[in-house]
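> model this:
(6 chains, ligands or ions: 4)
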Amino acid sequence: MSAEFIAGIVVFVLAAFVGFEVIAKVPRTLHTPLMSGANAISGITIVGAVIAAATGTGVLAGILGFLAVTFAMINVIGGFLVTDRMLEMFKKIPGKR
Amino acid sequence: MSAEFIAGIVVFVLAAFVGFEVIAKVPRTLHTPLMSGANAISGITIVGAVIAAATGTGVLAGILGFLAVTFAMINVIGGFLVTDRMLEMFKKIPGKR
Amino acid sequence: MTELAYLAAGVLFIVGLKGLTSPRTARRGNRIAALGMLVAIVVVVVDLIGLDARLAWGIVIAGVIVGGGIGAFLAIRVQMTDMPQLVAAFNGFGGGASALVAAAAVVGSHAVMPTETAVTTSLSLVIGAITLTGSFIAFGKLQGIVPSRQVFPPGGQTTNAVIALGAVVAAGFGIFADSATAYWIATGLAAILGVTTVLPIGGADMPVVISLLNSFSGIAAAMAGFVIGNQALIVGGALVGAAGLILTIEMAVAMNRSIASILFSQFGGGATAEDIGTKPVNRANADDAAIALAYAERVMIVPGYGLAVAQAQHAVKDLANALEDRGIEVTYAIHPVAGRMPGHMNVLLAEADVSYDLLLDLDQANPKFSQTDVVLIVGANDVVNPSARTDEASPIYGMPILNVDDARTAIVVKRSLSPGFAGIDNPLFYEDTTLMFFADAKQALEDALAAIDAL
Amino acid sequence: MTELAYLAAGVLFIVGLKGLTSPRTARRGNRIAALGMLVAIVVVVVDLIGLDARLAWGIVIAGVIVGGGIGAFLAIRVQMTDMPQLVAAFNGFGGGASALVAAAAVVGSHAVMPTETAVTTSLSLVIGAITLTGSFIAFGKLQGIVPSRQVFPPGGQTTNAVIALGAVVAAGFGIFADSATAYWIATGLAAILGVTTVLPIGGADMPVVISLLNSFSGIAAAMAGFVIGNQALIVGGALVGAAGLILTIEMAVAMNRSIASILFSQFGGGATAEDIGTKPVNRANADDAAIALAYAERVMIVPGYGLAVAQAQHAVKDLANALEDRGIEVTYAIHPVAGRMPGHMNVLLAEADVSYDLLLDLDQANPKFSQTDVVLIVGANDVVNPSARTDEASPIYGMPILNVDDARTAIVVKRSLSPGFAGIDNPLFYEDTTLMFFADAKQALEDALAAIDAL
Amino acid sequence: MHLGIRNEQSGNERRVAATPTSVASFTDLGFVVSVETGAGIPAGFTDTAYTEAGASVVEDLRSGDSIDLLIKIAPPSESDRELMSASGVILGLVDPTANMDTLTAWGESGITSISMEMVPRTTLAQSMDVLSSQATSAGYAAVLLGVTKLPKFMPMLVTAAGTIPPANVLILGVGVAGLQAIATAKRLGAIVYAYDIRPETKEQVESLGGRFVEAETQEMEEGGYARAVDEETAEKQREALASAVKDADLIITTAQVPGRRAPRLIDRSMVEAMRPGSLIIDMAAASGGNVEGSAPDETVVVNDVTILGPTDLASRVATDSSRMFGRNVLELVKRMVVDGELTVDHEDPVVGPAIVAPISSPPEGANPSESEASE
Amino acid sequence: MHLGIRNEQSGNERRVAATPTSVASFTDLGFVVSVETGAGIPAGFTDTAYTEAGASVVEDLRSGDSIDLLIKIAPPSESDRELMSASGVILGLVDPTANMDTLTAWGESGITSISMEMVPRTTLAQSMDVLSSQATSAGYAAVLLGVTKLPKFMPMLVTAAGTIPPANVLILGVGVAGLQAIATAKRLGAIVYAYDIRPETKEQVESLGGRFVEAETQEMEEGGYARAVDEETAEKQREALASAVKDADLIITTAQVPGRRAPRLIDRSMVEAMRPGSLIIDMAAASGGNVEGSAPDETVVVNDVTILGPTDLASRVATDSSRMFGRNVLELVKRMVVDGELTVDHEDPVVGPAIVAPISSPPEGANPSESEASE
Ligand SMILES: NC(=O)c1ccc[n+]([C@@H]2O[C@H](COP(=O)([O-])OP(=O)(O)OC[C@H]3O[C@@H](n4cnc5c(N)ncnc54)[C@H](OP(=O)(O)O)[C@@H]3O)[C@@H](O)[C@H]2O)c1
Ligand SMILES: NC(=O)c1ccc[n+]([C@@H]2O[C@H](COP(=O)([O-])OP(=O)(O)OC[C@H]3O[C@@H](n4cnc5c(N)ncnc54)[C@H](OP(=O)(O)O)[C@@H]3O)[C@@H](O)[C@H]2O)c1
Ligand SMILES: NC(=O)c1ccc[n+]([C@@H]2O[C@H](COP(=O)([O-])OP(=O)(O)OC[C@H]3O[C@@H](n4cnc5c(N)ncnc54)[C@H](O)[C@@H]3O)[C@@H](O)[C@H]2O)c1
Ligand SMILES: NC(=O)c1ccc[n+]([C@@H]2O[C@H](COP(=O)([O-])OP(=O)(O)OC[C@H]3O[C@@H](n4cnc5c(N)ncnc54)[C@H](O)[C@@H]3O)[C@@H](O)[C@H]2O)c1
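Ligands and ions are numbered 1, 2, ... in the order given. From the prediction side, this is the model:
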C-alpha cells in the first residue's frame, strides 16, 4: 500500500471518530435538518467531480465529468439551501401565524 | 513543507478534534483518574524515545536516549498502574469499611 | 498547502456539523459548513489552475451552472412538507456524483490500478449506485410516486441477497482482473439493489432509510477521495459517513425501531407505531415538546383529570419553573369542570404550591389564548373539546370550553386517543396546530423537562 | 503497515479515553488505553528490528527496565492520598522524555534541519522542559516539599514574562541559525519558567495546573512526533493535548476559577474557594453526590431547617424517586426538633407526598445508620451534631441526635459552614467520611438529580 | 317579572337562595327582585348589599306584589304558595321525593315547580348542578366537623414530645362529597382510605392521593349513579370493609342511591370493633343512614364511638354554598328567560327533566340523568 | 414514691397530666401511681387503660396515701396541697406568675413546686418543653376553630358554580403556635400572611410557604423571646399591619412577651375596617389580648367581625396534647430520679430554673431561658 493511501486511511479513521463523537443526543426536531446538512457536506465529492471533469479526456470522460459536477452541484447547493430554509422555519414553531 | 509534515498536521488537527469531543461532561470524581489516564497516554513518547535510544550514535545521544526511555517508561508504567489503582478504589465510595 | 486548505474546509465541516446538533446554533452551523464547502471548491479550482495544463473548464462550468441552478431552484421552490423527500433526492445525486467520479477514474486510468485503488474504486461505485437508486425510491415513496406501503421484489429478501452477492462477485472480479466491464456490472447490480432494498420498506420508516443512505453517500465520497487521492473527500466523507450512522441509530431509537428490523423487514412489519387512530395526528415526543415550549414567550398550561390520575402536579410545577427560569411567562387555565370533583385541579396545584396568582379561570383564560404561543394540555380532554362550540349535535354543545385552539400551538399530553368522561371524540387532536404527545402525564412532563434542560 | 498499527494504537487510545469519562467504563477504558500503548511499543520494536541496522538495544533495554521499575514501584507503593502528586511527577517525566527525544534529534542531526522540523523541535524542547520542571514543582507543593502557599519570584509575573520572552528569542535564533546552543538556552529558560510559573500558584489550584501540564506533555509528545516523523506520537500527543485542555477547563469551572486567574495570579489571589473554614473539609459537587448516591444500596435522607428554607421538599422527593427507580432503598430520618416548629419536616414532606411509611423517627433511624451507605443531610445541622454525644462541654451535650456518622458516607448539603440554631460548630463536617456539598438545598438536589440521570 | 327571595333561616339553615351578585344578574335579566330582611345575614350578605345590588328588601314578601319566580333553598311550604302569582314558578331545592303530592296539587292550580335536584348531571349542565355544588360544601365541612370533634391531630408530627401518628380517615361513598372529603382530609395530612361500589372511583380516589379499599365493586349504574345492591353483595362488602373500619379514627360516609334508602355500610358490630374515641359522620343519615344507629342531627355514642348525622353540612360554609347555589340557579334561569320572558320549556334537555309539576308529558321522569355520564 | 394524677376535668380542661403510656414508664422508674377515676376520659384514655398500665384507679386521691409527686396540668389548688406528703413535689403547669405567693408559702412548709413553664427553652431541653408542645396543639386547634366558624372555604376552588377565592389568613406572632397555625392554614389551601417582631421569623414563615408582612421588626430578644416594644414602634407596627388586617378573612394572633401584658397589635379601628363576617382568634386573650376588645373565652362581635378569645385550644386536641404533656413531664422526672429516688437538684441546668419554691439561691430567676437560643 502506498504511503499516501495509508495516510488516507489514518485520516479517514480519525475523521470518522470525529463524526461519531460530534453527534451527541440530537433533539428529534433537529433530526431532519441535521440529516440534510450532513447530506450537503457529503457533496464534498464536488471536488472530485471538478477534478474529474477538468482533467478528463475523451467524450465519455467528459460526459461522466459533466454529470458528476452537475449531480454534486445539485447536492451541494440544494442541500445547504434547503437546510437553511428548514432551520429558518424551525425558529417558528409549527402552527398558526 | 514536506508532504509528510503536512499529513502530520492533518492528523494532528483531526486527533485534537477527537480529543476535544471525546471529553464530554466528566463527573468530578473522575477528574483525577481521567487526568492520570490521559497522562499515561502522553507517554506515547516512549515510541520516540525507543527510536532515539536505539538509533542514536555517540555517548551524548546514548545518554539522552537512555534518559528518554527511562523517563517515558516511568510515565507509561506508572501512569497506567496508578490510574488503575485509583479506579479500583473508586468503586468503593470514599468512606468507612 | 492545498492539503492544509482542505483541512481548513474539513474543520469548518466539523464545527458546522456540531452546530447543527443544537437548536441555538443550527443555522449558523449549516452556514459554517457551507463556508467549508466554498473553501474546498475554491481550493480545487486554484489548485487546478496552478496545474498549468489544458483543462476542460467548459464542462466544469456547465456542470456547475446546471447543477447549481437545479439545486437552488428545487430548494427554493419546495413546500415545507416536501422537504424530506427533497433531501432524499439531493442525497441520491450526491451518491451518484461519487460513483461518477470513480467511474471517470476507471475510464481515465490507462495503467493497471493498484489493488487498494481498485478496491476503493469498486466501493465508491457500488455504494454510490446504491445511494443513487435507493434515495430516489425513498423520494418516490414520500412524494407518492412509488407506493409507500411495503413492496417486495419477487423472492423477497432472498432476491436481494442474491443481487448483493452478485455485485460483490462482480466487483471482486473487477479488482483482480482489472476489468472495467466487471465494474459496470457491479455498479448496475448495486443500482438494482438500491431499488429492491428500499421498496419493501414502509413509508413511515423512510426518514431512517434516508439518513442511512446519507451515511452511505458520505462513505462513497470518502472512497472516491481514495480513488483520486484527495484528502478533502476523505475527511468530509468519513465525517458524514460516521455522523450519518450515529444519526440513523438515534432516529431509529426515537421511533422505537431497530435498523435491522427496518431494512430487512418481512411482510407485515414496519409502521405499526402510527396505527393508533384512523385520522392522522401530529405526534410529538419530549424533544419536540421541549423545543416548542422553550422557544415560546407565553405558555398556558391546561390541567385535566389525567394530571390527577398521573399525579403529575409536581412534575408540571417543575416544568413551569424551568420555563420561568428561561423568562417564559407561564400561567394555568383551570376549567370549572376539569377533573372529577369541583376544585380537583386546585387541590393538586395547591399541593405542588403553584401560586394562586397564576391560576386563570375560564373567563380570564379564554381571551388570552390568542396571545399564547403554546398551550400545554395535560390530561384534559372534554374541557378543551371545540365541538362544544362548533358541533350542535354534540352532547356538550353549548358548554363553555377553554378555547385552546386559538393559541399558536397546542400540545396535548395523554396516553392515547381515547375519549374523556363525556365519551366523545375531540376534533382538537386532529388540528394542524396540535401536537399529540402520547404518554403518561407525569413521565411526559419529566421527559420534557429533561429535554429542555438539555437544550 | 507500521502506520496502520500505530493507527490501531491511536484508536485504542481514543476508545480508552472515552471510557475514562464515565464511572461505569473507566477502569476498562484505562486498560484499553494501556493495550494501545503496548501495541505501539511492540510496533516500534518490530519496526526497528526490521531496519536491519546495528542498534543500541542495550540502552533501550536498560531504560525500559529502570524506568518501568521505578514507575511500577512508585505506582504500587503510593498512598491513596498521595496519588495526585504522583501523577504530577509522572507527567513531568513524560514531558521530559519528549524534550529528550527532541534533544536527541538535535544531537543526532548532521544536516541542517528543515524549518518545519526546527520549529517543532524547539516547541518540543520548550514545552517538554516547562512540563518537566512545572510538574515537579507541583509535585513538591502537594508533597509538602515546596511550600504550598503562593511563592512569587522576585519581580513577580514580570520576571516570568521576561523569561518567557527570552525562551522565545533563543528558540527563534536556534531555528533560523540552526544553533544547538540556542536550543539548549531556550530549553533551560523554559525549565526555569516552569518553576517560576508554578511557584506562585496556591496548593488548592494544583490539580488544575497538573491537568494543564498534562495537556502540555501531550503537545510536547506530538511535537516530538513531528520531529522524528512518527504518527503514533502525533495522534496520541494531539489527543491528550486536546483532551487535557478540555479537562483543565472543566476542572477549573468545577472549582469556580478561571484558568487565567490561576496561572497569572497576583499576591492574594488564588485558593479563595477553600477559605470557608479553617479546618479542611471534603468538598463535593453534584456529580460527586450523584455517584455516591447512585452506587449506594441504602440511602437515608435527613432533612433539617435548611430544607424548609430552600423549599426543597419537592426536589428531595424527586431525587428519592430517581434513586428508588434504580432499586435503591430510600428512607427519611426525622429528628424530633428538626426545623423550627414541632412537625416542621412532616408538613413539608407531606406536601411533597412522601409516604408516611418511609419516615423514621429518632429511635427507628439510629440503629439503621450503620447499615446505611449514604446519609444525605439536607439543611440539617444541630440534629446531626455528634458533639451532643461526645463533647461534655457542648451546650447540647446529652441531647439525642441522629447518629449519621455511623453511616459509610455522609453528604451534607448546606450553603456554608455556618452553624445552625444552637450556634455551635459541628465536628461532623470535618469527618473523613463526610462530603460537604455547599449549595442552596433545592438547587443542590436538582443538580444531583440531573447528574444521576446523566450517569 | 317579580322574583322573590325569602328569609329561610331556621335551625340549621344558614344559606340563602340568592346572593347580591346573583340578584344583580337577575335584575339585568329583567327581574324585579324582592328579598326578605335578614335573608343573607348568617351567610355573610347584609341587607345593604342586596339593596345595592338592586333588590328591594322587605320585611315580609306577603306584604308586597305576588311573586312570579320564587327561588327556594329550603323545601317549599304552604306559606310560599300563598305568595305566588297565578302562573308562578317555584324553583329550587324542592325535595320532590318528599313533596310530590303537594307540588302536583299546586301544579294543577297553575304553579310550576322546578326541582334543582333533578337537573341532569351531564357535563353540559354542570353549571346548574346544585347537588354537586352543595355536596362540595358538605364534603369539605364534614371533614372539618370531624377534625374538630376528634381529640387528635390529623397530620403526623415528629416532635420532641414524641411522634404523633397521622389519623386514619375512611371515606365511604366517593361521589362529589366523598371526593371533596378525601381531598380535604388529605390536605390536613391524614392517611385517607376510601371505598365506593362504582369501580371507576378507584382511579379517582388515587388521583387525590387516597388509598382505595379493595372490596366488592359493581359495574352497574344509571346515569352515573349507583344502583342498590342485593343483600349478599352488601354482606360481602361489609366483611371487606370491616378491617378498614376498625382501624379508622374518623369515618365519613356519603353513600346514596337516588330514590332509595341509603345503603347500610357499617353495622353495629363494626362500630363496636372501633377504637374508643373514634368518630363517624354519617352524611346519609337523613335518607336512612349508612351506619347502623345513626340519626339525623343527633349525636349517638356507641361503645365510646361517636356517630354524628349532621344534615346542615353545606350550611356550615354558608357564604360559599349560597354563592354556588345562587350561581347554579342563575344559570338555569338564564336558560329559561327567552326574549325577556320567563318561559318553561318542557322540551329543554336541562329544564325539562327538572320540572316536577305540572307534568306535560307522561310522568315517571324521576330519572335525573340519561346521556353521557355512563362510562 | 407515690405519684398522683388528679381528675382535672372542669369546664374547658379536657387534658390529663399522664397517659397510660407515661404511667407505665413512671411505674418502671419505681413510682407507685394513683389516678383519679375518669381523669383521662375526655382525652380518650379509659380507666381500664390506666389500670392495665399499672396504676391504681381511685375515686379520690384524698382517700389514699399521701402523694410524693403530684403532676398537674391545671393550676394547683389548696385541695392539691392537702394530698401532699411532707416533702412532696408538685410538678406541672403551676402558673408561677399567678400563684407565686401560694407556692412560696407551700415551699416554706417543705413542698417543692416545679413549673414546667420555666424549663429553659434550649435545644437540649426541648423534650421537656411543655410550652412548645401545648402551643403546637393550640396553633393547630386555633386554625381549625377559625375554619369551622368561618362560613367560607379556605382553599380556592374553580367550580362549575363559579370560582371560590381562597381565604386570606393572617397570623400575628410567629412563635411555636404561630408557626403551627401557618402550616395548618397553608395545608388547608389558604393564602397565609404572617408577621412577628423578631426578624428571623421571616425566613421561618417563608419556610412554611407563608408570606411575611413587611412591617417594623426588631433585633431584640432575650433567650429567644421577644421584648416589649415602645409605643412608638407599636404604632408604626399597627400602621404597617393595617392593610393586611383589612384584607384578612381570618386572623389568629399569638403574640406574647413573657411576664408582661401581651402586646396590642390590632386596635378597634383596624377591626372596624375588616370585611363583615371576618373572624379574629386572639390566642393571647388571657394575658391581655393582642386585639382591642377581645376577652378570654368570650365571643365579641364588633361591626360584624367576630373576635374569639379561646383559652382551651390545646384541650381541643386533648388526646395528643396529653400525650405530649405526659412525655414532657416524664422526661423531666427521669432527669430527677437518681438511684431510684426523686431528687430535686437546684444546680441542674434544666430542673434548676424550673423550681419555683422553695428557692435555695437568690431568686429573680423568672427568666426562663438563657443560653444558645439567641441568634
Ligand atoms: N369537575 C367535576 O366536578 C366533575 C365531576 C364529574 C365529572 N366531571 C367530568 O369530567 C370531565 C373533566 O374533563 P377533563 O378534561 O378534566 O378530563 P377528561 O375529559 O375526563 O379527560 C381526561 C383525559 O386524561 C387522560 N388521562 C388519564 N390518565 C392519564 C395519565 N396517567 N396520563 C396522561 N393522560 C391521562 C385520558 O386520556 P388517555 O386515556 O388517552 O390518557 C382522558 O382523555 C368533564 O367531562 C366533566 O364534566 C367533572
Ligand atoms: N423543631 C422545633 O420545634 C424547634 C423550634 C425552635 C428551634 N429549634 C431548633 O432548631 C434546630 C433544628 O435543627 P436543624 O438541624 O433542623 O437546623 P439547624 O441546626 O438550624 O441548621 C439548619 C442548617 O440549614 C442550613 N440552611 C439554611 N438555609 C439553607 C438553604 N437554603 N439551603 C441549604 N441549607 C440551608 C444552614 O446552614 P447554611 O447557612 O450553611 O446553609 C443551617 O446550618 C435545633 O437546634 C432545634 O433545637 C427547633
Ligand atoms: N357529568 C358531570 O359533570 C357530573 C357532575 C357531578 C357528578 N357527576 C357524577 O354523578 C355521580 C353521582 O355523584 P353524587 O355525589 O351525587 O352521588 P350520590 O350522592 O348519589 O352517592 C354518593 C356515592 O355513593 C356511592 N354508593 C352508592 N351505593 C353504594 C354502596 N352500596 N357502597 C358504596 N358506595 C355506594 C355512589 O356510587 C356515589 O359515588 C358520580 O358518578 C359523579 O361523578 C357527574
Ligand atoms: N431551642 C428550642 O429548641 C426552642 C423550642 C421552642 C421554642 N423556641 C423559641 O422560643 C421562642 C418563643 O417561642 P413561643 O412560641 O413560646 O413564643 P411566645 O409565645 O412567647 O410569643 C409568641 C410570639 O410573639 C411574638 N411577639 C412578641 N411581641 C410581639 C410584637 N409586638 N409584635 C409581633 N410579634 C410579637 C414573639 O416574637 C413570638 O414569636 C421562639 O424564638 C422559639 O423559636 C426554641
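> ok, and for stretch E:350-360, which residues are buried?
The neighbour-count check on stretch E:350-360 (16 or more other C-beta atoms under 10 Å in any protein chain shown) flags E:350, E:351, E:352, E:353, E:354, E:355, E:356, E:357, E:358 as buried. Every C-beta, even on glycine, is put in place using the N, C-alpha and C of the backbone.
> Among these, which has the minimum pLDDT value?
Sorting the buried residues of stretch E:350-360 by pLDDT puts residue E:357 at the bottom of the list (80).
> Residue E:69 versus that one, what's the distance?
From residue E:357 across to residue E:69, the span is 16 Å (C-beta to C-beta, to the nearest Å).
> sorry, back to before: next step: the buried residues of stretch E:350-360 restricted to strands.
Judged by DSSP state E, strands contain the following of the buried residues of stretch E:350-360: E:355, E:356, E:357.
> Any chance of those in a markdown table with distance to residue F:146 as columns?
Conversion of these to a markdown table gives the following (distance: C-beta to C-beta, whole Å):
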| residue | distance to residue F:146 |
| --- | --- |
| E:355 | 42 |
| E:356 | 40 |
| E:357 | 44 |
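> Let me know the closest of those to ligand 2.
Closest approach to ligand 2 among these (C-beta to the nearest ligand atom): residue E:356, at 58.7 Å.
> so what's that closest one up against?
E:94, E:96, E:100, E:103, E:104, E:107, E:113, E:114, E:115, E:118 (C-beta atoms under 8 Å, 6 or more residues apart in numbering or on different chains).
> could you redo the last one with a cut-off of 6 Å?
By C-beta atoms under 6 Å, 6 or more residues apart in numbering or on different chains, the contact list for residue E:356 reads E:96, E:103, E:113, E:115.
> roughly how far apart are it and residue E:92?
For residue E:356 relative to residue E:92 (C-beta to C-beta), the value is 11 Å.
> for residue 67, what are its contacts?
Picking chain A for this. Contacts of residue A:67 were listed using C-beta under 6 Å, 6+ apart, and they are residue C:100.
> try chain E instead
E:2, E:4, E:83, E:84, E:88.
> Can you classify the last one as helix, strand or coil?
What DSSP: H, G, I helix; E, B strand; the rest coil gives for residue E:88 is strand.
> residues in contact with stretch C:38-46?
Contact partners of stretch C:38-46, identified using C-beta under 6 Å, 6+ apart, comprise A:47, A:50, C:2, C:5, C:8, C:9, C:232.
> And the furthest pair within these?
The span of the contacts of stretch C:38-46, defined through C-beta to C-beta, is set by A:50 and C:8 at 17.7 Å.
> And the two? Which one has more around it.
Taking neighbours as other C-beta atoms under 10 Å in any protein chain shown, residue A:50 and residue C:8 compare with residue A:50 leading, 28 against 17.
> and the gap between that one and residue C:228?
Counting by C-beta to C-beta, the gap from residue A:50 to residue C:228 is 10 Å.
> before we move on, what about residue E:144?
Per C-beta to C-beta, residue E:144 is found 86 Å from residue C:228.
> Also residue E:121?
Using C-beta to C-beta, residue E:121 is found at 80 Å from residue C:228.
> Burial check on the nearest residue to residue C:92 once chain neighbours are set aside, number of neighbours?
Leaving out its chain neighbours, the residue that sits closest to residue C:92 by C-beta to C-beta, 6 or more residues apart in numbering or on different chains is residue C:135, at 3.1 Å. Look at residue C:135: counted by other C-beta under 10 Å, it has 30 neighbours.
> nearest to chain C, of the contacts of residue E:356?
When the contacts of residue E:356 are compared for distance to chain C (C-beta to the nearest C-beta), residue E:115 wins out at 20.6 Å.
> Ramachandran angles for that closest one?
Per-residue torsions, residue E:115: phi -100, psi 120 (degrees, to the nearest 10).
> Contacts only, for it.
Residue E:115 sits in contact with E:94, E:96, E:354, E:356, where contact means C-beta under 6 Å, 6+ apart.
> if we go to 10 Å?
E:90-97, E:99-100, E:103, E:130, E:353-357, E:366, E:368 (C-beta atoms under 10 Å, 6 or more residues apart in numbering or on different chains).
> can you tell me which of the residues you listed are in helices?
Counting by DSSP state H, the contacts of residue E:115 place E:96, E:97, E:99, E:100, E:103, E:130 in helices.
> so where's chain C uncertain?
C:255-256, C:265-279 (pLDDT under 70).
> Equivalent analysis for chain A, please.
For chain A (pLDDT under 70), the answer is A:1, A:89-97.
> can you list the residues of it near ligand 2?
For chain A, no residue is in contact with ligand 2 (C-beta under 6 Å from any ligand atom).
> Am I right that residue C:397 is in a helix?
No - Residue C:397 is assigned coil when assessed by three-state DSSP, not a helix.
> what packs against the lengthiest helix in chain C?
Scanning chain C for the longest helix, with DSSP H as the assignment, gives helix C:115-143. The criterion is 3 or more C-beta pairs under 10 Å, 6 or more residues apart in numbering or on different chains; DSSP states H and E, and the helices and strands that helix C:115-143 contacts are helix A:3-22, helix A:45-55, helix C:83-108, helix C:157-177, helix C:180-198, helix C:206-228, helix C:231-254.
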